[in-house]
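Q: need coordinates for the below:
(one chain, ligands or ions: 1)
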Amino acid sequence: MKWRPTRAAIAAAAALLVLSATGPAWGENATACQPTPPQTEGPFYPVHQQDDKDNDLTLVKGHAKPATGQVIYIVGEVRGPQCRPIAGVLVEIWQAAASGRYRHPDDRNMSASHDPDFQHWGVTVTDQEGRYQFKTVKPSPYPASFFWTRPSHIHFKVYRKGFPTLTTQMYFAGDPYLEKDLIFRRIPEPARPQVVVQLKPPARDMEPDAKVCRFDITF
Ligand SMILES: [Fe+2]
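A: Residues are numbered from 1 along each chain as shown. Coordinates of the predicted model:
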């Protein structure tokens, strides 16, 4: 089911826009339209046919039960050179469930359970102001190897004719695995805040225990 932003959600997004306009700060994803650092696509890009092609990952078409986990709303703008918002950009996300498990045959993290009510993948298109939004759950960290745990993250891919496709990952401020993550650390240090978001309280019409974050993307 597609989530459409209500007035209160738009107000919350606007408040986040104002917050991040005050200057760069760790976890605010607010580095004044510097190009978003690319990150690896990773091994778990979806291979299954998607039944539900929308921006609400918490509800799977035909399932009565919502996904398990902390509900989060991601709002943001996609921008081009000179910080101009870009309309009509296809924004795709994919991620692990709240358990840390992907819906992918190569995910061998058997200690984490599958959530059949989580969509794992979503897609939307930016509006005339270049804005997009998703409703999802916060994924858990998961083991990438015996000695390496990936921090919570959400994969993004953005496409627009005339721009190179941008693949990246969004992280959460305060994650204990972030600073040691081998993929995050490939980003030059000054650019790292651009892919780290801060979870904030929800807007009035969102679930009272939901969180909202802003993630701007610049080609
Ligand atoms: Fe991943």
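
Q: need the contact list for residue 115.
A: Taking CB atoms under 8 Å, 6 or more residues apart in numbering, we find residue 115 in contact with 67, 68, 69, 97, 98, 99, 101. Bear in mind the C-beta positions are built from the backbone N, C-alpha and C, glycine included.

Q: PyMOL command to pick out the buried ones of those?
A: To isolate the buried ones among the contacts of residue 115 in PyMOL, judged by 16 or more other CB atoms under 10 Å, type:
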select buried, resi 67+69+97+98+99+101
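
Q: what about the contacts of residue 115, which are in strands?
A: Nothing among the contacts of residue 115 maps onto strands, per DSSP state E.

Q: format the contacts of residue 115 as TSV; extra columns: pLDDT and distance to residue 136.
A: Listed next are those as TSV, based on pLDDT from 0 to 100; distance: CB to CB, whole Å:
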residue	pLDDT	distance to residue 136
67	98	8
68	98	12
69	98	9
97	97	10
98	98	10
99	97	14
101	96	15
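
Q: between the contacts of residue 115, which sits nearest residue 134?
A: residue 67 (12.6 Å; CB to CB).

Q: find the residue closest to the closest one in space, skipping its chain neighbours.
A: residue 118 (3.8 Å; CB to CB, 6 or more residues apart in numbering).

Q: on that earlier part again, reformat the contacts of residue 115 as CSV; add distance to residue 218.
A: Below are the contacts of residue 115 laid out as CSV (distance: CB to CB, whole Å):
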residue, distance to residue 218
67, 30
68, 33
69, 29
97, 29
98, 29
99, 32
101, 31
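
Q: so who does the residue nearest to residue 67 touch?
A: So residue 118 contacts 57, 58, 60, 67, 68, 69, 97, 98, 103, 137 (CB under 8 Å, 6+ apart).

Q: between the contacts of residue 115, which is nearest residue 176?
A: Nearest member of the contacts of residue 115 to residue 176, counting by CB to CB, is residue 98, at 17.0 Å.

Q: which residues touch the residue nearest to the closest one when sequence neighbours are not counted?
A: With sequence-adjacent residues excluded and distances taken as CB to CB, 6+ apart, residue 98 is closest to residue 69, at 2.6 Å. Residues near residue 69 by CB under 8 Å, 6+ apart: 97, 98, 99, 115, 118, 137, 138, 139.
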